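Undergrad: Provide a 3D model corresponding to the input given below.
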Amino acid sequence: MKEPMKNYFRTGLVHFMAYPFAMSGEGAIVETIRTVLADPYFEVIELTRMADPQAREQAAKLAREAGVGIAYGAQPQLLRSGDNLCDLDEEARQRAVRRILACVDEAYQMQAEGIAFLAGRYDPAKVEEHYQAMVRSTREICAYAAAKGDMPVNLEVFDTDVEKCSLIGPAALAKRFAEEVGSEFPRFGLMVDLSHILQLHESIDENLDPIAPYVRHAHIANAVLTKGMPAYGDQHPRFGIGHSEVTAITVAAFLKKLFAIGYLGGGNRPVISFEVKPLEGEDSAMIIAGAKRMLDEAWALLEV
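TA: Model (predicted):
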């Protein structure tokens, strides 16, 4: 592709994956946020909970000064706590909803342009029961967010049998879910992730075609799916690591499909973020630099 990427999308970085300590909400989070915001490659930063309200305020202020948008990722709050939005125990389900409502509050405080979460684990013998619980939870979250403003709410589609083992999940169920919730809450949509597509054992076409009208946010990430190898599962390792599935060619195919379904090319410059995490001993700055080089290569290969 000869035209600049910035003509078509805003490149983002999932900060709390590139700097995993930030998932705790503690530590020198603001300093690493400052590092990302100072990099002109990124126009969006994806943040999660920060325990210190002053840190949240400072992060939002720095992002405004840098002209960088904020997206809020609530996924770590569910994964770290074990709370499950599709839990069949009503008290446990409500506890998970309350956790996300608190995240909605934080997202609004930081003037985020969207919030995302995920469905929880499920019993394969009770898929429909879990599905209905997830619909109830998402409706409650969307209603709460809508009462506070117009911030979009997104569900990130995850694997069902690799690591996160999330209910949603396969393209057919994701489509049903997006149709059902989206009919009532038009600002609800789906977040897609290239590495999760591979973990779902679906092709890019099989995954994206059914849910095309509902794709609101996209992640580019790598995955190792050979059991026993380092970073196996949903670990978002650096690009180029041994036994991994995603190359610049894979990313170019993903981008081409995003054009085909209308996510790209409509003139509104949606977000495509890197989700990449250092293994023990690896340097965050280096894996971020490698991801940028990989995306540049993929863009050069792209033919639309």
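Undergrad: and the host helix or strand of Arg99, which residues are buried?
TA: Per DSSP states H and E, Arg99 falls inside helix 90-109. For helix 90-109, the neighbour count (16 or more other Cβ atoms under 10 Å) marks 92-94, 96-97, 99-100, 103-104, 106-107 as buried. Glycine gets a C-beta too; all of them are placed from N, C-alpha and C.
Undergrad: remind me which residues of the stretch 201-304 of the chain are low pLDDT?
TA: Applying pLDDT under 70 to the stretch 201-304 of the chain flags no residue at all.
Undergrad: all strands of it, in order?
TA: Along the stretch 201-304 of the chain, the segments classed as strands by DSSP state E, counting those that start in this stretch run 215-220, 271-274.
Undergrad: What helices and strands are in contact with the shortest one?
TA: Spelled out, it's strand 271-274. On a contact count with 3 or more Cβ pairs under 8 Å, 6 or more residues apart in numbering; DSSP states H and E, strand 271-274 meets strand 10-14, strand 44-47, strand 69-73, strand 215-220, helix 284-301.
Undergrad: ok, 6 Å please
TA: Packing partners of strand 271-274 (3 or more Cβ pairs under 6 Å, 6 or more residues apart in numbering; DSSP states H and E): strand 10-14, strand 215-220.
Undergrad: For that strand, output the C-alpha coordinates as PDB.
TA: Only the C-alpha atoms of strand 271-274 are listed here, as PDB (Å, rounded to 0.1, in the frame of the first residue of the first chain):
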ATOM      1  CA  VAL A 271      -8.400   2.000  15.800                       C
ATOM      2  CA  ILE A 272      -6.100  -0.900  15.200                       C
ATOM      3  CA  SER A 273      -3.900  -1.500  18.300                       C
ATOM      4  CA  PHE A 274      -0.900  -3.700  19.000                       C
END
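Undergrad: who touches Glu113 in this structure?
TA: Taking Cβ atoms under 6 Å, 6 or more residues apart in numbering, we find Glu113 in contact with Gly69.
Undergrad: Ok, which of the strands of the stretch 201-304 of the chain comes nearest Val36?
TA: In terms of Cβ to Cβ, the element of those nearest to Val36 is strand 271-274, at 10.6 Å.
Undergrad: Just give the strands next to the closest one in its sheet, each with its orientation.
TA: strand 10-14 (parallel), strand 215-220 (parallel) (DSSP bridges).
Undergrad: Just the angle for the longest one relative to strand 69-73, thanks.
TA: Pointing back at strand 215-220 there. 90 degrees (axes from the mean of the first three to the mean of the last three Cα atoms, to 10 degrees).
Undergrad: Identify the residues contacting strand 215-220?
TA: 154, 189-194, 251, 263, 271-275.
Undergrad: Dump the helices and strands packed on strand 271-274 to TSV, plus distance to Lys164.
TA: Converted to TSV, the helices and strands packed on strand 271-274 look like this (distance: least, Cβ to Cβ, whole Å):
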stretch	distance to Lys164
strand 10-14	15
strand 215-220	14
